[in-house]
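A.B. asks: would you be able to build a 3D model of this:
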Amino acid sequence: MTDADGPNADDDQIEGTFLVTAAESDSAVLKNVESGQVHTLSSNPGVERADVVEGVVAPDPPLNVSYQLIETSARRSLAVEKSDEPPTAHSQELAAAQDIGGLTREERAGTGEIHVITVPEGDTETAVDDVLDDEEQLLSRAARLGVNRVEVRSSPGVLSVRYMP
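C.D. replies: Model (predicted):
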């Protein structure tokens, strides 16, 4: 339909920040980091897993079950890494002021956040592994925060997750 009451193709377009959760040569999967909605692309416009794309997706007619990335305003790659460095002295102080199982979120000077988690000393490595295993969550938060890197640091009983430019 083309009359004023009919559907408008622009109404189906979704603008947002998308995390590339999977990418193959002929398709890709994007997750809107704000809404959590997942969009399977019918072609790959050159994105790779762990990329963040700010842009617009629109459904492929006539069935509207797959999407195309029709506009890109920015693109960057994200990285998650486990650091050999211990948490900073400030992170250690935050951990000392909270109970086991506690979480403190604090803005970094400049851009990003630091999350400090207090865990039982004997469970530190398991906690690090658990955090790293949830890579999609780490990447989604990094995309929302507008940063490029996630660094996980630990020392017995303390885990810090640093979201950095």
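A.B. asks: low-confidence regions, this protein specifically.
C.D. replies: Along the chain, segments meeting pLDDT under 70 span 1-10.
A.B. asks: mind listing the helices for it?
C.D. replies: 89-96, 124-133, 135-145 (DSSP state H).
A.B. asks: excluding sequence neighbours, find me the nearest residue to the most centrally placed residue in the chain.
C.D. replies: What sits nearest the mean C-alpha location of the chain, by Cα atoms, centre = their mean, is residue 140, with 1.5 Å. Closest residue in space to residue 140, ignoring its immediate chain neighbours: residue 33 at 4.8 Å, by Cβ to Cβ, 6 or more residues apart in numbering. C-beta: built from backbone N, CA, C; applies to glycine.
A.B. asks: tell me who's in contact with the one you found.
C.D. replies: The contact partners of residue 33, by Cβ atoms under 8 Å, 6 or more residues apart in numbering, come to 16, 17, 18, 19, 52, 140, 143, 144.
A.B. asks: by neighbours, which of the residues you listed wins?
C.D. replies: residue 18 (31 neighbours; other Cβ atoms under 10 Å).
A.B. asks: please identify the deepest-packed of the helices of the chain.
C.D. replies: helix 135-145 (a mean of 19; mean count of other Cβ atoms under 10 Å).
A.B. asks: how about residues contacting it?
C.D. replies: 17-19, 21, 31, 33-34, 50, 52, 78, 80, 111-113, 131-132, 148-150, 161, 163.
A.B. asks: one more time with 6 Å, if that's ok
C.D. replies: 17, 19, 33, 50, 52, 78, 80, 112, 150, 163 (Cβ atoms under 6 Å, 6 or more residues apart in numbering).
A.B. asks: ok, now stretch 154-165?
C.D. replies: 86-87, 91, 95, 111-117, 119, 121, 124, 127-128, 142, 145, 147-153.
A.B. asks: bridged to the nearest residue to residue 81 once chain neighbours are set aside, which residues?
C.D. replies: Using Cβ to Cβ, 6+ apart and skipping residues adjacent in sequence, the residue nearest residue 81 is residue 151, 5.6 Å away. Residue 151 forms beta bridges with residue 81, residue 162, as assigned by DSSP bridges.
A.B. asks: correct me, but residue 151 touches residue 85?
C.D. replies: No: at 8.2 Å, residue 151 does not count as touching residue 85 under the criterion of Cβ atoms under 6 Å.
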